[in-house]
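Colleague: need a structure here:
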Amino acid sequence: MVTQTQSLADQAYERLEALIVTLLLPPGTLLSEADVSERVGIGRTPVREALQRLASDRLVRALPRKGIYVTEINITDHLALLETRRVLDRLVASRAARRATPDQRMALQDCHKAMQQAAAQMDLAAFLREDKTCDTILEAASRNPFAARALAPLHAHCRRFWYRYREGHDLARSAQLHGAVLEAVISAEEQAAEDAADALVDYLMRRTREALDLF
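Modeller: Numbering: from 1, shown residues only. As a prediction, the model looks like this:
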């Protein structure tokens, strides 16, 4: 029974995170546990566990006697998030380059191709789905569960940011920078993976300022 409850909580978390990241539950939305349970089709106990995780990730906030509030996107917080992500991305990329299995490297190759295809078709939704898949593989390949757990919500916030500020997003350039990280990991080049991770975060910080006219 415990395993089943945990599995349902994981499912609820994944479904809720997707709704929040893709702005189907936009910032400022106020919901009750019953509303959330109905939206994801899962009972209230697993949903409550999922909401606790999302609150820890700072994607929602519980408001006493009011309900569950989907957090706003704050530019100052987002820039601080990217500063933190830089450190963790470097660690995960270099460790993945060192420790990834042959199957994981092959999966990253497939993911890289799918991301390039999505960029060529200017399909942001597909691009960000592949981005999440790549992130999940890299985090597993790093074999550092502490870094992976800290990094996963930061990536979710970044994906939500790009859904919100999608106009003018250069998918081709983004695909190139993501691809450099993946190619270095696939080739087991640790320093190149770190350098590519830095270049990607540099781009994300620049695009964040450009999106909000903060030069």
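Colleague: need the phi and psi values for the residue of the chain positioned farthest from its centre.
Modeller: Ranking residues of the chain by C-alpha distance from their mean position (C-alpha atoms, centre = their mean) puts residue 65 at the top, at 30.3 Å. The phi and psi values for residue 65, taken as degrees, to the nearest 10, are phi 70, psi 10.
Colleague: got the buried residues for the longest helix seen in the chain?
Modeller: For the chain, the longest helix by residue count, based on DSSP state H, is helix 75-99. By neighbour count on 16 or more other C-beta atoms under 10 Å, the buried set for helix 75-99 is 78, 81-82, 85-86, 88-97, 99. Where C-beta positions appear, they are placed from N, C-alpha and C, glycine not excepted.
Colleague: which elements pack onto the next helix or strand after it?
Modeller: Next along the chain after helix 75-99, taking DSSP states H and E as the criterion, comes helix 102-120. Using 3 or more C-beta pairs under 8 Å, 6 or more residues apart in numbering; DSSP states H and E, the elements in contact with helix 102-120 are helix 124-142, helix 171-186.
Colleague: helix 102-120 vs helix 75-99, what angle?
Modeller: In terms of direction (axes from the mean of the first three to the mean of the last three C-alpha atoms, to 10 degrees), helix 102-120 departs from helix 75-99 by 140 degrees.
Colleague: residues making contact with helix 102-120?
Modeller: Defining contact as C-beta atoms under 8 Å, 6 or more residues apart in numbering, one finds that helix 102-120 is touched by 96, 100, 124, 126-127, 129-131, 133-134, 137-138, 140-141, 171-172, 174-175, 178-179, 182-183, 185-186.
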